[in-house]
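Q: quick one, fold the following:
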Amino acid sequence: MEGETKKGGTASGGEVLDGSNIMELVENKEMFGHFVDHKFQELDRDRDGQLSVKELQPAVADIGAALGLPAQGSSPDSDHIYSEVLNEFTHGKEEKVSKVEFKEVLSDILLGMAAGLMRDPIVILRIDGEDLLEYINGPTYEAEMVATHSLIESAGGTLRDCIIKAFEMLTVEQGMPPSSDPWVVSNIVEPALQSCAGPDWNKPVSQETFLVEFKKVAEYVAELLREQHVIVAHSEITFDGSGIRRLLSNKFELDKTLNAAIETVPKDHTGKLSKEYLRVALDVVAPSAGLPPLGAVEQMDKLILDAFNLTNADDGKLLKEDEFKKILTEILGSIMLQLEGNPISVYSNSVVHEPIASASTLLQTSPSS
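A: Predicted coordinates:
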């Protein structure tokens, strides 16, 4: 996966996954009823009218695939999410799940997925070499590559090193799939490098030679992309403060969210809370305010740090509950104002290594659909 933080900008074209088809399915009671009946029958192997934990596993795996998670067992973080999905069905018990319970939980999960896609749609791009050719033959290519070479040259390295780094700096907007992806490296970048390599490739290089040699490799990369298209899932999230404004304007929701955050913070024997736990509380509030978790987006972390500094949030003082909530609200307000004046967009590009329709069977009502 390739991720970047930037001001504005988006991928154009491609198939947009915005959650509308999921929403349409769940909101159509008759259609959703048939869908659940089919899925339940498919999972209920022993035909006892209930789903055991073992029988639920394929559904959990499908939900994980639909969410874009790696296979179970790939990482502790994703395994934790799989476990949470299973607990949604079983409520943490080893008991069987009825069709009514299965339908309710599946509805909640699908609506959550749809809401997420409506807020942050995923664009499916087919990279076929055409955009890359257009870029390297376009009016901005030489000036941008000169700037790229200046950045790369300061770090030193051979011509081969410079070309590899230059590809890493290209984006899907310029027609290049994420060159950090292992499949792209082994099937596109490396074959192009090997085909175009010359006797001086392991020596330091001039700007003029770099421009000529990079274009040769890029043309070969475009040829390879024409022969084997690369599917890329492009997503973009913009933090503009609107989520915080919605939360702050709804007193009932704000109070409920702040109270939930307070419950996670330890208190001393007098019932007071230390300011050092404001970050913990903010992480609890973050989903309701449309903010990422702390540590997820570097530029957001810097902005949040500024908000903490403005409110002297790191002085370690003990506060009463109302004071703690007041400062937390002030921090949210400060973050909101900064984002409204200067929104932050984060985008990622992930290579899809299998046909999109087969990545998950969650929304397939029959093997042939």
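
Q: please count neighbours and contacts with C-alpha atoms only from this point.
A: Fine.

Q: and residue 84, how many residues sit next to it?
A: 15 (other C-alpha atoms under 10 Å).

Q: would you list the phi and psi of it?
A: Main-chain dihedrals, residue 84, degrees, to the nearest 10: phi -60, psi -40.

Q: please begin residue numbering at 643 from this point
A: Taking 643 as the first residue, the last one we looked at is residue 726.

Q: ok, it to residue 885 distance?
A: Plainly put, residue 726 is 25 Å away from residue 885 if you go by C-alpha to C-alpha, to the nearest Å.

Q: need the strands for the stretch 693-842 of the chain, in chain order.
A: Applying DSSP state E, counting those that start in this stretch to the stretch 693-842 of the chain gives strands spanning 764-769.

Q: point out where it drops to low pLDDT.
A: In the predicted model of the stretch 693-842 of the chain, residues 709-712, 716-720, 734, 736, 761-762, 796-797 satisfy pLDDT under 70.

Q: swap the cut-off to 50 and go again
A: Nowhere does the stretch 693-842 of the chain drop to pLDDT under 50.

Q: got the CA positions of stretch 942-957 in CSV?
A: Extracted in CSV, the C-alpha atoms of stretch 942-957 (Å, rounded to 0.1, in the frame of the first residue of the first chain):
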residue,chain,number,x,y,z
MET,A,942,-3.0,15.2,11.8
ASP,A,943,-0.8,14.4,14.8
LYS,A,944,1.1,17.7,14.4
LEU,A,945,-2.2,19.6,14.2
ILE,A,946,-3.5,17.9,17.3
LEU,A,947,-0.3,18.6,19.2
ASP,A,948,-0.7,22.3,18.3
ALA,A,949,-4.2,22.1,19.8
PHE,A,950,-2.9,20.5,23.0
ASN,A,951,-0.2,23.2,23.3
LEU,A,952,-2.8,26.0,23.0
THR,A,953,-4.8,24.6,25.9
ASN,A,954,-1.8,23.6,28.1
ALA,A,955,-3.1,20.1,28.0
ASP,A,956,0.3,18.5,28.9
ASP,A,957,0.9,20.2,32.3
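
Q: in it, what's buried?
A: 942, 945-950, 955 (16 or more other C-alpha atoms under 10 Å).

Q: just checking, which of those belong to helices?
A: In this view, those that belong to helices under DSSP state H are 942, 945-950.

Q: just the buried residues of stretch 660-677, please?
A: 660-661, 664-665, 667-668, 674, 677.

Q: need the residues you listed in CSV with distance to residue 890, can you?
A: Converted to CSV, the buried residues of stretch 660-677 look like this (distance: C-alpha to C-alpha, whole Å):
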residue, distance to residue 890
660, 27
661, 27
664, 30
665, 27
667, 32
668, 30
674, 35
677, 39
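
Q: ok, those vs residue 697, which is closest?
A: Of all those, residue 677 has the smallest distance to residue 697: 17.2 Å, by C-alpha to C-alpha.

Q: which residues of the stretch 893-1011 of the chain fall in helices?
A: 893-904, 920-931, 940-952, 963-983 (DSSP state H, counting those that start in this stretch).

Q: out of these, the one nearest residue 831 is which?
A: That would be helix 940-952 among these, by C-alpha to C-alpha, at 28.9 Å.

Q: packing partners for the closest one?
A: helix 963-983 (3 or more C-alpha pairs under 8 Å, 6 or more residues apart in numbering; DSSP states H and E).

Q: now do the buried residues in the helix it packs on.
A: Within helix 963-983, the residues scored as buried using 16+ other C-alpha under 10 Å are 963, 966-967, 969-981.

Q: which residues sit against stretch 756-775?
A: Where contact means C-alpha atoms under 8 Å, 6 or more residues apart in numbering, the residues beyond stretch 756-775 that reach it are 653, 655-662, 664-665, 814-819, 860-861, 863-879.

Q: and the end-to-end length of that stretch?
A: 36 Å.
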